[in-house]
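J.: pasting the sequence and the predicted model now:
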Amino acid sequence: MHEGPIALIKKMPGVVPSLLAIAGLGVPEGASARIESADLGEMNPTGLRADLVATVKPSKGAPISVIVEVQRAEDPEKKPS
């Protein structure tokens, strides 16, 4: 089921602001979203890659980058972010 949520967001990026709102994060009404490159490059590459990256664009203000990582089970070692 790892690919299911990613496929949904790729086909319907407009769902990202709604998911952020459900998670309790303040997203301005009317915000839109688009899918970005999931490569997270750096000067000394270590092969970092996100499942999906989206940018949420509010009608006013700065864009918000969202990194989507599907977790199939709860891991008490990981902090929510």
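T.: Perfect, I can see it now.
J.: pairing partners for the helix or strand of the chain with the lowest mean pLDDT, with directions?
T.: Least confident helix or strand of the chain, by mean pLDDT, DSSP states H and E, is strand 64-68 with a mean of 81. When pairing is defined by DSSP bridges, strand 64-68 lines up against strand 52-57 (antiparallel).
J.: in the strand it pairs with, what counts as buried?
T.: Using 16 or more other C-beta atoms under 10 Å as the test for burial, strand 52-57 gives Leu52, Val53, Ala54, Val56, Lys57. Glycine gets a C-beta too; all of them are placed from N, C-alpha and C.
J.: out of the residues you listed, which comes closest to Gln71?
T.: Checking the buried residues of strand 52-57 against Gln71 with C-beta to C-beta, the nearest one is Leu52 at 13.1 Å.
J.: what's near enough to touch that closest one?
T.: Neighbouring residues of Leu52 by C-beta atoms under 8 Å, 6 or more residues apart in numbering: Ile6, Ile9, Lys10, Ile35, Ala38, Ile67, Val68.
J.: gap between the second one and Lys60?
T.: What it means is Ile9. Distance, Ile9 to Lys60, by C-beta to C-beta, to the nearest Å: 24 Å.
J.: quick one: which of the two has more around it?
T.: Ile9 (21 against 8; other C-beta atoms under 10 Å).
J.: what's next to stretch 14-31, contact-wise?
T.: By C-beta under 8 Å, 6+ apart, stretch 14-31 touches 8-9, 32-33, 54, 56-61, 64, 66.
J.: got those as CSV, with distance to Pro76 columns?
T.: Listed next are the contacts of stretch 14-31 as CSV, based on distance: C-beta to C-beta, whole Å:
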residue, distance to Pro76
Leu8, 27
Ile9, 26
Ser32, 35
Ala33, 30
Ala54, 27
Val56, 29
Lys57, 35
Pro58, 34
Ser59, 39
Lys60, 39
Gly61, 35
Ile64, 27
Val66, 24
